[in-house]
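**Student:** Fold the following for me, if possible:
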Amino acid sequence: MPNVSDKELLSQYLYLKSIRNTRGSQHTVIIAVVKRSAFEKDDVTIASLLESGFNRCLIETTNLLACVNEMILLKHSDMRMMSQHATCQALYTALDKCKDLVIVTDESYKFQYMNAACEKQLGLKQEDTLGKTLQEQLVYDTVQINTMGSSLLRAREWSGPMTLKRKSTQETIVSSCRAVPFSCAGRMPTHFILVFDTNTIDPNMLSQSRGSIHSIRRGSTDVRSVGSDYLRRTSLAKLNALPLEAPITKIVGLIDQIRDNLGANPQAVQLLDKVEDILKSSELYVSHVKEDSKFKADEPVVSDLITALLSKTPQPTITASSRRSSNDSSVFRPSRTGLIKAPAAIRDLLETSLTWEFDIFKLEELSRRRPLQHLGMNLFHHFDVCNALNCDEKTLSNWLTVIEANYHYENSYHNSTHAADVMQNLDRETYKLARHNVIDMILATEMTKHFEHLAKFVNVFCTRNSSELESDEYMPILSPENTTLVKRMMIKCSDVSNPTRPLRLCVEWARRIAEEYFQQTDDEKARGLPVVMPMFDRSTCSIPKSQIGFVDYIINDMIEAWNAFIDMPELLTYMRQNYIRWKEFDEQGHTTLSAIQKLQATVLSPSVSSTLKSD
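**Tutor:** Okay, the predicted model is just below:
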């Protein structure tokens, strides 16, 4: 095709337009066959042809095979793209007619699209929001973005309430949001699709500032984030967004509705408040010792145990006169610092005992499989436990030694190293209710009660309404029942914190527990006993898949709830990083115990890791 004039271009444009307007030819791909000289000498001709409406320009040729290949290329590229483009236009039209608010962002929450309902409801213009983030333009509370992102970034759908703001009036509205991650290429999400249900939109003016919520911990034991009023409020917001709802939550919601309808009857409202407080107790079905009677038993230990199990009231401070031990009749000897000597290497390692990256396996090696005694005494000394218990250091050391000696060291997982690892990083708690706390916290680690404990924890700390959150008197952790809930949650997180440790420690704990379960299955088969856990067969079990499932169904929601309460982001960071690595191990075929051990000896070994970091 030779050079063409403007008049010819206009004629071509009208002709091509008429072709595409013909019924059934909307997706037609039109090709201009040009001489080779047009490609080699002149770029103006090619540009003008494409501008007039041609989809592609081809060099004329007599080679039949070349023409066939060009047709195949057109079918799989231009024609498919035009069809997809037409479908997208139809979807855009459908979204603009939808009454729900629809927003599409990239992985960093920058606007890519919003439908007409968004522009109308929120007073935004699509051209004004493109390239800007949700936090800048739309979402009132950035904590809700972080909560949503914790699920979306792991390629999981999220749903929950979200507070939006109108641009013109800065009025806030609360709407139910459903967010879906989408990946254009690869495994990681590239876009997020947010759908807001207009049927649930609730206008909520937040012109008044929130009241201060004071720190719920004493100054001597404040956690860095919990001591902040702002972070305390954001933690409650995170808890409120978790996808958990117990039946008691629905009951409390119904009571709130009844209370709203009985505003003119203060006595009825007062009774409903009392009913709600009773229902929010975490011990609804626990028997209590009557206040007008005291439990009597010949054995003081039995009396203490039953009282601790049956009574939810605080027990008196443990003193030398009320405590029963082997040295009750002896004179108390104050703690002598440094009485229990340890090698220099162990002392140096214990300097890092309060860090989350503390290497418990290194202590196991240096102490010759006696980590509990060394780490326990280190923590006892750090928190001045000897003076609190009126007990000398030697007695505590002997007690830990006896406990450690009765662990089965041949167990790969449930040995004294695991016990020391659980004790490490526990926050300082008073020892006034030591026996009751130990009993209750041990029972809390029973996995059959996992979801019950988690639902109670979330329910207690996220069922308050906004007016209660604004009150200075709202300190839910101060009640004995709620303090117990926090302690249960703390020991549960400690007990199964392996997926939140640095990768090398996480993999070693996974290997140990798998080996112990495999050995149990082997012993049951060898003795002709019923196999309790048939899925833990060393010939068929995939360790990465077991860890992935454990995080998905047990760990993730619990750690997110605990992080929302205590704000310890390193737990979530390690958990998500390890989750991705377990998926990679599974895809690469590293599923058996021997394969995991090979990984530990190569890419996961401390020497290799340090070399990679230095490089």
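
**Student:** pull the longest helix from the protein.
**Tutor:** Counting residues, the longest helix found in the chain (DSSP state H) is helix 503-526.

**Student:** Could you list the buried residues of the helix or strand harbouring Val402?
**Tutor:** Assigning secondary structure by DSSP states H and E places Val402 in helix 393-405. Within helix 393-405, the residues scored as buried using 16 or more other Cβ atoms under 10 Å are 393, 395-397, 400-401, 404. The way it works is simple: take the backbone N, C-alpha and C, and place the C-beta from them, glycine included.

**Student:** Stretch 142-160 now?
**Tutor:** 143-152, 154, 158-160.

**Student:** Now render the residues you listed as JSON lines, adding distance to Leu572, secondary structure and pLDDT.
**Tutor:** Formatted as JSON lines, these follow (distance: Cβ to Cβ, whole Å; DSSP: H, G, I helix; E, B strand; the rest coil; pLDDT from 0 to 100):
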{"residue": "Val143", "distance to Leu572": "14", "secondary structure": "helix", "pLDDT": "74"}
{"residue": "Gln144", "distance to Leu572": "16", "secondary structure": "helix", "pLDDT": "77"}
{"residue": "Ile145", "distance to Leu572": "15", "secondary structure": "helix", "pLDDT": "81"}
{"residue": "Asn146", "distance to Leu572": "10", "secondary structure": "helix", "pLDDT": "78"}
{"residue": "Thr147", "distance to Leu572": "11", "secondary structure": "helix", "pLDDT": "78"}
{"residue": "Met148", "distance to Leu572": "14", "secondary structure": "helix", "pLDDT": "83"}
{"residue": "Gly149", "distance to Leu572": "11", "secondary structure": "helix", "pLDDT": "82"}
{"residue": "Ser150", "distance to Leu572": "7", "secondary structure": "helix", "pLDDT": "78"}
{"residue": "Ser151", "distance to Leu572": "12", "secondary structure": "helix", "pLDDT": "81"}
{"residue": "Leu152", "distance to Leu572": "14", "secondary structure": "helix", "pLDDT": "85"}
{"residue": "Arg154", "distance to Leu572": "10", "secondary structure": "coil", "pLDDT": "78"}
{"residue": "Trp158", "distance to Leu572": "15", "secondary structure": "strand", "pLDDT": "85"}
{"residue": "Ser159", "distance to Leu572": "20", "secondary structure": "strand", "pLDDT": "84"}
{"residue": "Gly160", "distance to Leu572": "17", "secondary structure": "strand", "pLDDT": "81"}
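
**Student:** which two in those residues are spaced the farthest apart?
**Tutor:** Greatest spatial distance in these: Val143 and Arg154, 18.0 Å, computed using Cβ to Cβ.

**Student:** and the buried residues of helix 393-405 as JSON lines, adding pLDDT?
**Tutor:** Converted to JSON lines, the buried residues of helix 393-405 look like this (pLDDT from 0 to 100):
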{"residue": "Glu393", "pLDDT": "79"}
{"residue": "Thr395", "pLDDT": "75"}
{"residue": "Leu396", "pLDDT": "75"}
{"residue": "Ser397", "pLDDT": "78"}
{"residue": "Leu400", "pLDDT": "77"}
{"residue": "Thr401", "pLDDT": "78"}
{"residue": "Glu404", "pLDDT": "74"}
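
**Student:** Strands along the chain, start to end?
**Tutor:** For the chain, the strands defined by DSSP state E cover 31-34, 56-59, 101-106, 111-114, 158-165, 172-182, 191-203.

**Student:** Tell me which of those strands sits nearest to Leu571.
**Tutor:** strand 158-165 (19.2 Å).

**Student:** Strand 101-106 and the closest one, what's the angle between them?
**Tutor:** Angle, strand 158-165 to strand 101-106, by axes from the mean of the first three to the mean of the last three Cα atoms, to 10 degrees: 100 degrees.

**Student:** just for the stretch 1-150 of the chain, where's the confidence low?
**Tutor:** The stretch 1-150 of the chain contains residues with pLDDT under 70 at 1-10, 24-27, 41-43, 140.

**Student:** picking that back up, what helices or strands is the helix holding Val402 leaning on?
**Tutor:** helix 371-382, helix 385-389, helix 416-423 (3 or more Cβ pairs under 8 Å, 6 or more residues apart in numbering; DSSP states H and E).

**Student:** in the chain, what secondary structure element scores lowest on mean pLDDT?
**Tutor:** helix 300-310 (a mean of 37; mean pLDDT, DSSP states H and E).
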